[in-house]
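Novice: Please find the sequence and the predicted model below.
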Amino acid sequence: MKVTMEGDTMNNLKNILIIVTDQLSWQALPVYGGMAETPNINRIMKEGGIAFDRCYTTVPLCMPARASIWSGVYPHETGVLSNEGKKAIPADLPTIGRVFSQAGYDTVHFGKTHDAGALRGFYCEEEGSLEVEGTQAWPVSEDTKRDRFTTEKSVAYLQSIRDSEKPFFIITDFVNPHDICSWTGKNKGLHVDVDPGSPLPPLPPNFEFDDIENRPDSVKYLCCSHTRQAQASEWESESFRYYLAAYYHYIQRVDAEIGLVLDALEKSGKYEETLILFMSDHGDSMACHGKVTKDVDFYEETNRVPLIFNIPKFRNQPSRTEHVLTSLLDLFPTLCSYAGIEQPMTLRGENLMPLMMGQGKLEREYIIGQWYSEWDFSISPGRMVRTDAYKYTHYIGDGEELFDLAKDPYETKNVARHAAYAEQLAVHRKLLEDHIVKTKDNFMNLHWRELNDDLQWRSHEIGYGKHRGPSVSEVGKGLVKR
């Protein structure tokens, strides 16, 4: 991989505001052709915004993704592989907060951390919550209440810096639309859906697919390891439409909070000199392949995320969309370039500034994704190689997938065993092998494991709707008994 650039990097200090959402799939947003009502995210794109429409997380799970984003390296290098909270990134690993604070920035973080130490260098405002009204159809949990608190603190900070000359680097880190997870738990099993009083969205084209028997066991029996998928196992198709309606509702909630932060930035007098970056740590299944939330798989819906830059220099120009393969690992080197700060040698991502400035292009052959476990109770080591037209996945002990995304963008047919794709399979295997060597990835030595190898797991008839009882994670965390 290589970035070519003409001219000098930008070398003066500039304000940076990063707005993060949790579990927001790129395809939900109007910026990318989606159905959600997001007037404020649209604002970020409207005035010269640059949207990357093929951006991927390094792992579709909160803590390992965030540890990776803020340190600029892969999960196997941070050592943070799951949401199990005892792991922390290496003490000597450079972080974006430390690099920018040492360069003279006021580095401040508001909202969700879940970072395993990767926000080192930021002053992290203590997380809190404020009361928020829910409805019978759309109840709220601490996720939504925490977002209210995050907004209040972010707005207060922006109000306080009107006369400050010190450059700032703020992260406003929202939880929603993650509240869809709590909604799923509250509607688990057989239940009566509450009518929201508005039309329900349609199911996605790949809600039903006839290829599940041709998937690796980690995907085939995802309901055994994933709590939310187990809770949705008895749902009828109509319940998934309510799920989508709820998901869009929680997106609207976080969009409203984003609007208040943008208003405060404009009133602060700092808007014209502040880069705004919008992103999410990972996506959501959005009922695709009959799935809810996220876990194990590398499907587009859970691994492809929004990434939008709004750079002051371009605010008098039309917005545009870039179609190159990008990773959330690119955030760290790109912002270093924007600020004229020397980037650490450890970083694995690419600098996107030359491309955005029209001074070069990004030459990239592939993107890598990883999976290990949600809570360390069920372990399904996996890797993804995403090239321009294909996606290859490999699960230790479970098998492979190959999707021809040019012909099958909804990933309905695994062609890894098709003779016509033998050459592409070999090419992608080699890309993964080379990447493993290059990054000193211990992937091939990892082992699949489920809780006590209990025959209760992965023993039912294939199909998420066939699962009954709790998931491995629920048993492992002591939430239920066998």
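Specialist: That came in fine, so what should we check first?
Novice: which other helices and strands contact the top helix by length along the chain?
Specialist: In the chain, with assignment by DSSP state H, the single longest helix is helix 237-267. Helix 237-267 sits against strand 15-21, helix 39-46, helix 142-160, helix 180-186, strand 274-280, with contacts defined as 3 or more C-beta pairs under 8 Å, 6 or more residues apart in numbering; DSSP states H and E. (C-beta placed from N, C-alpha, C; glycine too.)
Novice: of the ones you listed, which approaches S239 most closely?
Specialist: Nearest to S239, of all those, is helix 180-186, at 9.8 Å by C-beta to C-beta.
Novice: Buried residues in the closest one, which are they?
Specialist: Residues of helix 180-186 classed as buried by neighbour count (16 or more other C-beta atoms under 10 Å): I180, C181, S182, W183, T184.
Novice: Also stretch 346-365?
Specialist: Neighbour counts over stretch 346-365 (16+ other C-beta under 10 Å) mark 347-357, 360, 362, 364 as buried.
Novice: need the contact list for the residue nearest to T150 when sequence neighbours are not counted.
Specialist: Take T150 and drop its neighbours on the chain: the residue closest to it by C-beta to C-beta, 6 or more residues apart in numbering is G111, 3.6 Å away. With contact taken as C-beta atoms under 8 Å, 6 or more residues apart in numbering, G111 is in contact with 20, 125, 127, 146-147, 150, 153-154, 171-175.
Novice: Give the helix, strand or coil label for I368.
Specialist: Recorded secondary structure, I368: strand (DSSP: H, G, I helix; E, B strand; the rest coil).
Novice: whoops, R458 was the one
Specialist: Per three-state DSSP, the local secondary structure of R458 is coil.
Novice: Go ahead and confirm it touches Y221.
Specialist: Yes - checked against C-beta atoms under 8 Å, the pair R458 and Y221 is within contact range at 4.2 Å.
Novice: neighbour-wise, which of those two wins?
Specialist: With neighbours defined as other C-beta atoms under 10 Å, R458 and Y221 compare such that Y221 has more, 28 against 20.
Novice: for the protein, which spans come out with low pLDDT?
Specialist: Along the chain, segments meeting pLDDT under 70 span 1-13, 452-455, 481-482.
Novice: Just give me the residue closest to the centre of it.
Specialist: H282 (1.2 Å; C-alpha atoms, centre = their mean).
Novice: Helix or strand: which one has that one?
Specialist: When elements are defined using DSSP states H and E, H282 is found to belong to no helix and no strand.
Novice: ok, it - contacts?
Specialist: The contact partners of H282, by C-beta under 8 Å, 6+ apart, come to D22, Q23, T57, V59, P60, L61, C62, A65, K294, T302, N303, V305.
Novice: Give me the distance between it and N83.
Specialist: With distances taken as C-beta to C-beta, to the nearest Å, H282 is found 12 Å from N83.
Novice: which neighbours do those two share?
Specialist: Overlap of the contact sets of H282 and N83 (by C-beta under 8 Å, 6+ apart) consists of L61, C62.
Novice: okay if I get the buried residues of helix 180-186 as JSON lines plus distance to E133?
Specialist: JSON lines is the format used below for these (distance: C-beta to C-beta, whole Å):
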{"residue": "I180", "distance to E133": "18"}
{"residue": "C181", "distance to E133": "20"}
{"residue": "S182", "distance to E133": "15"}
{"residue": "W183", "distance to E133": "15"}
{"residue": "T184", "distance to E133": "21"}
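Novice: out of these, who's nearest Q252?
Specialist: Among the buried residues of helix 180-186, I180 lies closest to Q252 (C-beta to C-beta), at 12.2 Å.
Novice: For the closest one, which non-adjacent residue is closest in space?
Specialist: Of all residues beyond its chain neighbours, the one nearest I180 is Y247 (4.8 Å), with distances taken as C-beta to C-beta, 6+ apart.
Novice: count of neighbours near the one you found?
Specialist: Residues near Y247, counting by other C-beta under 10 Å, number 28.
Novice: isn't it right up against A28?
Specialist: Yes - in terms of C-beta under 8 Å, Y247 counts as a neighbour of A28; the distance is 7.2 Å.
Novice: Could you tell me how far stretch 160-173 lies from the centre of the chain?
Specialist: Per C-alpha atoms, centre = their mean, to the nearest Å, the displacement of stretch 160-173 from the mean C-alpha position of its chain is 25 Å.
Novice: before we move on, what about stretch 339-356?
Specialist: The gap between where stretch 339-356 is centred and where its chain is centred comes out at 20 Å by C-alpha atoms, centre = their mean.
Novice: sorry, back to before: ok, so what distance separates the residue nearest to T150 from Q252?
Specialist: Remark: distance between G111 and Q252 (C-beta to C-beta) = 18 Å.
Novice: What of E125?
Specialist: Using C-beta to C-beta, one gets 25 Å for the distance from E125 to Q252.
Novice: do the same with P306
Specialist: Distance check for P306 against Q252: by C-beta to C-beta, it reads 15 Å.
Novice: The two - which one has more neighbours?
Specialist: Taking other C-beta under 10 Å, P306 and Q252 do not tie; P306 has more neighbours (26 against 17).
Novice: Over to the more buried one. Which of the three states is it?
Specialist: Remark: P306 carries the secondary structure label strand [criterion: three-state DSSP].
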